[in-house]
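Visitor: I'd like to go over a predicted model; first the sequence, then the structure.
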Amino acid sequence: MGLIKAVTSTVTSTIAEMWEDYIYCDSMSNDILIQKGIARKAGGNEKTGGNVITDGSRIAVNAGQFMIIVENGKIIDFTAEEGGYIYDTKTEPSLFCGSFKDGLKEAVNTIKERFKFGGQPANDQRVYFINTKEILDNKFGFGNIPFRDNEFNISIMLQGFGVYSFRIINPLIFYRNIGANVADSYSKGLLAGQMRTELQGALMPVLGTISQNGMRYDSLPQESQRILQELKSQLNEEWNVGRGIEMTVITFQSIAPDDESIDKIREFQESRVYAADHNMLGARIGAAQANAMEDAAKNPGGAVGAVAGVGMISNNMGVNAGELLKQPSKPQPQEKWTCECGNINEYPFCPMCGRPRPEKNPYVCEHCGTDWSFMEKQPKFCPSCGKPMT
């Protein structure tokens, strides 16, 4: 019960001219994962009859297809190599593994042992074609995934959506565990919902692991490759081992915090700005007080009392916008420099001796200290260490 290579061409019209009877499968679409082979006679007429493959039957395998022969529910032979074949009941299984050789060792040994010891007389034989091309455009979405953002050191909730692709890397496992003995075909729609749910579940621990490495949430779309590798590891047992499937690409079209997390981030951003610049804080409080007074003035029943209440609140809080505006803002840290007096600081003037920060020499590399002043034009990159000149 083996396959004998007949021709390397897989064009159906060519095979139809050469062979009187043949079994084949048209090019498989992105939605079809398994398709039962169709027996035809020369001229394109479908062959009628039961599920029996007669000795000498011709089988055509196209590129991107993995063909298996099933007898009484058990796989007895297969090929991963495109071309034309003759089915010969007098030979042992050929088992053409192609590029799947390493992953099908166990199956090869099992099928050969089965052939050696024989079996029941065949009364049901079928040919199935499994799609080994990359299966594209599988959409997914997620929400309410906690993420520890490194920039603000707070936990936020992420939501988003994207697409991924996958490939069947072990067709025998996929057939045995997912689509065995289908009457006609098995489409990816039958599996898409389950895979989407499992992907959503795997994203939570994966993003949690990545957040521990100090990453900001808005950097996640640029880390698709890293997330892909983490997801492969997380889904290995269910997808790879259990179904013979492997994710090949994942793309995030959107990753964003939910509304509550956005409000939390906005508060942290404002607090950081106001803490660094008293002028901005004073202006913010002044604007708030002015808005409150305007609203109070619109109250026909007690404008004077309302305005007095605004002033009382400000006094009780100990906050005076005018005083805040008078306070100098905290200088923003700059790159540290060493003064001639030996003090290391990060301000425009040395707090120990008052000397100003020396101007940078654009011809001196700040990385290796090499002086290129003799050059007519300032180099963009240091000829000594190769780093950018600033």
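Guide: Now that the structure is in, tell me what you want to look at.

Visitor: where does the stretch 101-250 of the chain dip in pLDDT?
Guide: For the stretch 101-250 of the chain, applying pLDDT under 70 flags the ranges 112-122.

Visitor: ranges for the strands of it?
Guide: In the stretch 101-250 of the chain, the strands defined using DSSP state E, counting those that start in this stretch lie at 125-131, 135-149, 154-168, 185-187, 245-257.

Visitor: would a markdown table of those with distance to Q234 be doable?
Guide: Heads up, the C-betas are built off the backbone N, CA and C, glycines and all. Shown next, in a markdown table, are the strands of the stretch 101-250 of the chain (distance: least, CB to CB, whole Å):
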| stretch | distance to Q234 |
| --- | --- |
| strand 125-131 | 25 |
| strand 135-149 | 13 |
| strand 154-168 | 13 |
| strand 185-187 | 25 |
| strand 245-257 | 10 |
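
Visitor: quick one: the helices in the stretch 51-200 of the chain?
Guide: In the stretch 51-200 of the chain, the segments counted as helices under DSSP state H, counting those that start in this stretch are 105-117, 171-177, 189-211.

Visitor: of the ones you listed, which is nearest A80?
Guide: Between A80 and the helices of the stretch 51-200 of the chain, the shortest gap by CB to CB is with helix 171-177, which sits at 7.5 Å.

Visitor: residues contacting that closest one, please?
Guide: Helix 171-177 has contacts (CB atoms under 8 Å, 6 or more residues apart in numbering) with 33-34, 66, 68, 75, 78, 80, 100, 104, 107, 128, 130, 132, 168, 241-245.

Visitor: filter these down to the buried ones.
Guide: For these, a burial check counting by 16 or more other CB atoms under 10 Å picks out 33-34, 66, 68, 75, 78, 80, 100, 104, 107, 128, 130, 132, 168, 243-245.

Visitor: any idea how far W337 is from D371?
Guide: 17 Å (CB to CB, to the nearest Å).

Visitor: more crowded one of these two?
Guide: Per other CB atoms under 10 Å, whichever of W337 and D371 has more neighbours is W337, with 15 against 10.

Visitor: quick one, phi/psi of the residue lying closest to that one once chain neighbours are set aside?
Guide: Counting by CB to CB, 6 or more residues apart in numbering, R357 is the residue found nearest to W337 once chain neighbours are left out, at 5.7 Å. Per-residue torsions, R357: phi -60, psi 130 (degrees, to the nearest 10).

Visitor: and the residue nearest the centre of the chain, how close does it get to L207?
Guide: Most central in the chain under CA atoms, centre = their mean is I250, positioned 2.9 Å from the mean C-alpha point. Noted for I250: a distance of 12 Å to L207, by CB to CB.

Visitor: now list whatever residues contact both of these two.
Guide: Taking CB under 8 Å, 6+ apart as the contact definition, I250 and L207 share the neighbouring residues I227.

Visitor: picking up where we left off before, just name the most buried of the strands of the stretch 101-250 of the chain.
Guide: Mean neighbours per residue, mean count of other CB atoms under 10 Å, is largest over the strands of the stretch 101-250 of the chain for strand 125-131, with a mean of 24.

Visitor: same for that strand, what does it pack against?
Guide: Here strand 125-131 touches strand 32-36, strand 65-71, helix 171-177, going by 3 or more CB pairs under 8 Å, 6 or more residues apart in numbering; DSSP states H and E.

Visitor: so how far is that strand off the chain centroid?
Guide: 31 Å (CA atoms, centre = their mean, to the nearest Å).

Visitor: run me through the strand neighbours of that strand, direction for each.
Guide: strand 32-36 (antiparallel), strand 65-71 (antiparallel) (DSSP bridges).

Visitor: which one is A63 nearest to, not counting chain neighbours?
Guide: Of all residues beyond its chain neighbours, the one nearest A63 is E82 (4.8 Å), with distances taken as CB to CB, 6+ apart.
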